[in-house]
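# no sequence for this one, just the structure:
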Ligand code: HEC
């Protein structure tokens, strides 16, 4: 009995599915607008409606012009539109490292990885001109691009652009910091003397460059793969450290490494 009722339920379900498939609702034929296509519904024949006069779409008021453009009376202004806190700087650093380091590098010297691989030179933030440039200039460059640099207005919201500007200012200051700039107890020392004390090559304090050659065509394209703990290190060939060393020694002074940019 139980079995029979299950069969009947299944049959009803199957029939109703067939029935539903058979009768078309023709929803595709209902009246609707197609983007950029005309219509006879409105007197002016346009399906895209003009904005209602004297109204502003939500979130598009942009009353604080400086916050959204970095300009005052058409000129790049100086100053952040909100107070710089540690949180703002941390956010700026994080966004800078995501969006700007590929070309400008972590220290802002303009030789990020993409530039090292052939992109137009991005220029250093530590030039006399950019050190004295108004903050609005940086905001404007991020928002509108500059020469070979594309704009980042779609990727970075205005508040984050300002946070990046604040961080660039901090980067600039960090390159020229003196003992008077740091709180009591902190100590400013040239990178070269730290390198010397730590036994690093003196070239450590120079701008870091990539080796001029790379190994390709091996099974791992010249990458050194760390041996799995507990197994013997790979003897030789594509995976051996000697192999990677030859990459470095071929084109650059010993001791120079690619920085984490
Ligand atoms: C794809 C590479 C690339 C990225 C990513 C990039 N830039 Fe640039 N940037 C450049 C290049 C190239 C120039 C030099 C443009 C020129 O002089 O034609 C430049 C120049 C600049 C300048 C100098 C403008 C001047 O007055 O000389 C600033 C400031 C700047 N970029 C800020 C940024 C910031 C901030 C970011 C991250 C939000 C960023 N850039 C991301 C490539 C890049």
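Arrived safely. Fair warning: this is a prediction, and the values are worked out from it, not measured in the lab.

# the closest residue to residue 204 other than its chain neighbours: which element?
Leaving aside its sequence neighbours, residue 204 sits nearest to residue 195 (Cβ to Cβ, 6 or more residues apart in numbering; 4.0 Å). Just so you know, the C-beta spots here come from the backbone N, C-alpha and C atoms, and that holds for glycine as well. Element membership of residue 195, judged by DSSP states H and E, is helix 191-197.

# can you give me how far that helix is from the chain middle?
Distance of helix 191-197 from the chain centroid (Cα atoms, centre = their mean, to the nearest Å) equals 32 Å.

# give the rounded mean pLDDT of it.
What helix 191-197 shows for mean pLDDT is 87.

# if we can go back for a sec, OK, contacts around the residue nearest to residue 204?
201-202, 204-205 (Cβ atoms under 8 Å, 6 or more residues apart in numbering).

# quick one: pLDDT of the residue of the chain found nearest the ligand?
The ligand sits closest to residue 147 of the chain, with a gap of 2.0 Å, by Cβ to the nearest ligand atom. Residue 147 carries a pLDDT value of 95.

# and if you look at the one 5 residues further on?
The pLDDT attached to residue 152 in the predicted structure is 98.

# next, count neighbours for it.
Close neighbours of residue 152, defined as other Cβ atoms under 10 Å, add up to 18.

# which residue packs closest to it, ignoring adjacent ones?
residue 142 (5.1 Å).

# selecting buried members of the contacts of residue 195 in PyMOL, what would you type?
Remark: buried members of those, expressed as a PyMOL selection using 16 or more other Cβ atoms under 10 Å:
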select buried, resi 204
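
# how about TSV for the contacts of residue 195, with distance to residue 155 and secondary structure added?
What follows is the contacts of residue 195, written out as TSV (distance: Cβ to Cβ, whole Å; DSSP: H, G, I helix; E, B strand; the rest coil):
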residue	distance to residue 155	secondary structure
201	38	coil
202	39	helix
204	34	helix
205	34	helix
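
# pull the most distant pair out of the contacts of residue 195.
201 and 205 (9.3 Å; Cβ to Cβ).

# list the contacts for the residue nearest to the spatial centre of the chain?
Central residue of the chain (Cα atoms, centre = their mean): residue 99, 2.4 Å from the mean position. Applying Cβ under 8 Å, 6+ apart, we find residue 99 in contact with 152, 155-156, 164.

# so where's the stretch 51-200 of the chain shaky on pLDDT?
Across the stretch 51-200 of the chain, nothing is flagged by pLDDT under 70.

# great, nothing more from me.
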